[in-house]
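Peer 1: Okay, sequence plus prediction incoming.
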Amino acid sequence: MRNPLSKTIVEIQPSGIRKFFDIANEMEDIVSLGVGEPDFDTPWFVREEGIYSLEQGKTFYTSNAGLLELRKEIASYLYRRQKLTYDPKKEIVITVGGSEAIDIALRAMIDPGDEVIIPEPCFVSYAPCAKLAGATVVPLQLKEENAFKLKKEELLDCITDKTKILMISYPNNPTGAIMTREDLEPIAEVARERDLIVISDEIYSELSYRGDHVSIASLEGMQERTIIINGFSKAYAMTGWRLGYLVGPAFIVEQMLKIHQFAIMAAPTTSQYAAVLAMRDGDEEVAKMRESYNQRRRFLLREFERLQIPCFEPEGAFYIFPCIKKFGMTSEEFATKLLYQEKVAVVPGSAFGDSGEGFLRVSYAYSIEELKVALGRIEKFLETL
């Protein structure tokens, strides 16, 4: 029998996040701080709208691009938050989570050999999706001394005549770093001068603790060369509803929609009806969750300082990225020993790219009580080192 497998997929490693999550799921008395999933229930009024849509028999396919009502709400949201104007009929597509949006955005724009610059540490799916689209991945290692922000000089060093796309994600997973308008201006300047397309993953845009999030698309000359990726999982605690969206120039989105048509057809109908209400009336619930995350963020910062573990201060998302280099172990060795000795699951920084080595990603999408238990176990573990 001939080898039925694609060389490309065989060479791609499984997710480093899922590896630890799967092990933790099989252990008793585990405290897992590894998964980026809100511990809040989806707000009741959102769930109720989903239930009501089922009771009304709204179980049909929507249009391929998604419910027009939902696309209009997204357009309204982007104008309200970023003063960006998009045509809901031509420039917005509802996807199965932000992950599908990332995938089809890359596949619609990449030809074999095109280079995609991916600043790391970053979400684990970027490089694999780019490779599956036929791109050459160019990792750009961000530095803790720069607060894990992307710098103009670093970007220029990575650009060649084959560079087509820059992928950015702020607030960042796993570091919690953000980019202000002043930080983004030099990056936008490079994108305009070197004719780059920017894919901006803004899934954590509602979880910023240092003022409002700024989208690079809102900067001069950037809307026409930016694809915004976002969704409902993080801000609205709707991970299992599997709903995201992408927005961008109509002539690009039209091609992304074709991939979506043939691969997915349409995002889940029940989820879309629920999301309309989430986006329309959910600001107060989002604010409550954001404040709770901020409380947990401050608690973890104090605790890691007490434990004398250096820790960059996250300003967005719900992750903290402590440095464990002084212990003389790789991040995977540290995370593995912690998992088996004290039953605390965290994710090694190396899962997010080579520049994540020497760090751990600790999620604070958990209650203060759970975090206290985990910190007690981590302190006990450190005493053995």
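Peer 2: Here it is on my side, so go on. Numbers count the residues shown, from 1 in each chain.
Peer 1: From here on, just use CA atoms for contacts and neighbour counts.
Peer 2: Will do.
Peer 1: List of residues touching the strand or helix carrying residue 372?
Peer 2: Using DSSP states H and E, residue 372 falls within helix 368-383. If you take CA atoms under 8 Å, 6 or more residues apart in numbering as the criterion, helix 368-383 is touched by 31, 296, 300, 303, 307, 338, 341, 342, 343, 344, 364.
Peer 1: cool, and stretch 231-242?
Peer 2: 37-43, 96-98, 203-207, 243-245, 268, 271, 275, 278, 282, 285-286.
Peer 1: which of the residues you listed are buried?
Peer 2: 37-38, 42, 96-98, 203-207, 243-245, 268, 271, 275, 278, 282, 286 (16 or more other CA atoms under 10 Å).
Peer 1: From those residues, which land in helices?
Peer 2: Of those, the ones assigned to helices by DSSP state H are 97, 98, 271, 275, 278, 286.
Peer 1: Among those residues, which one sits closest to residue 77?
Peer 2: residue 278 (11.1 Å; CA to CA).
Peer 1: Phi and psi next, for the residue lying closest to the closest one once chain neighbours are set aside.
Peer 2: Of all residues not flanking residue 278 in the chain, residue 46 sits nearest, at 5.7 Å (CA to CA, 6 or more residues apart in numbering). Here is the backbone geometry of residue 46 (degrees, to the nearest 10): phi -80, psi -50.
Peer 1: so residue 46 makes contact with residue 275?
Peer 2: Yes. Counting by CA atoms under 8 Å, residue 46 touches residue 275, with 7.0 Å between them.
Peer 1: Let's verify residue 2: helix, strand, or coil?
Peer 2: coil (DSSP: H, G, I helix; E, B strand; the rest coil).
Peer 1: would JSON lines of the ones in helices among the buried ones among the contacts of stretch 231-242 with distance to residue 162 and pLDDT be doable?
Peer 2: Formatted as JSON lines, these follow (distance: CA to CA, whole Å; pLDDT from 0 to 100):
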{"residue": "97", "distance to residue 162": "29", "pLDDT": "96"}
{"residue": "98", "distance to residue 162": "26", "pLDDT": "96"}
{"residue": "271", "distance to residue 162": "39", "pLDDT": "98"}
{"residue": "275", "distance to residue 162": "39", "pLDDT": "98"}
{"residue": "278", "distance to residue 162": "41", "pLDDT": "97"}
{"residue": "286", "distance to residue 162": "41", "pLDDT": "97"}
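Peer 1: Format those residues as CSV; extra columns: distance to residue 21.
Peer 2: Formatted as CSV, these follow (distance: CA to CA, whole Å):
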residue, distance to residue 21
97, 20
98, 20
271, 25
275, 28
278, 29
286, 26
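Peer 1: CA-only coordinates of the helix or strand of the chain with the lowest mean pLDDT in CSV, if you can.
Peer 2: Using mean pLDDT, DSSP states H and E, the weakest-scoring helix or strand in the chain turns out to be helix 16-25, at a mean of 71. Taking C-alpha atoms only, helix 16-25 is exported to CSV below (Å, rounded to 0.1, in the frame of the first residue of the first chain):
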residue,chain,number,x,y,z
GLY,A,16,1.4,21.4,22.9
ILE,A,17,-1.6,22.7,24.7
ARG,A,18,-3.7,19.7,24.1
LYS,A,19,-0.9,17.3,25.1
PHE,A,20,-1.0,18.6,28.7
PHE,A,21,-4.8,19.0,28.7
ASP,A,22,-5.3,15.4,27.7
ILE,A,23,-2.9,14.1,30.4
ALA,A,24,-4.6,16.2,33.0
ASN,A,25,-8.0,15.0,32.0
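Peer 1: Just after that helix, pick out the following helix or strand.
Peer 2: Next element after helix 16-25 (DSSP H and E): strand 31-32.
Peer 1: can you pull the buried residues of the helix or strand harbouring residue 299?
Peer 2: Secondary structure assignment for residue 299, by DSSP H and E: helix 283-306. Of the residues in helix 283-306, 286, 289-290, 292-294, 296-297, 299-301, 303-304 count as buried by neighbour count, 16+ other CA under 10 Å.
Peer 1: hang on, residue 362 is in a helix, isn't it?
Peer 2: No. Under three-state DSSP, residue 362 falls outside any helix and is assigned strand.
Peer 1: Tell me who's in contact with it.
Peer 2: 33, 34, 319, 320, 321, 322, 346, 347 are the contacts of residue 362 under CA under 8 Å, 6+ apart.
Peer 1: most neighbours, which of those?
Peer 2: Ranked by neighbour count under the definition other CA atoms under 10 Å, the contacts of residue 362 are headed by residue 347 with 30 neighbours.
Peer 1: Would you mind confirming that that one makes contact with residue 335?
Peer 2: Yes. With contact defined as CA under 8 Å, residue 347 reaches residue 335; the gap is 6.6 Å.
Peer 1: Find residues that contact each of those two.
Peer 2: residue 360.
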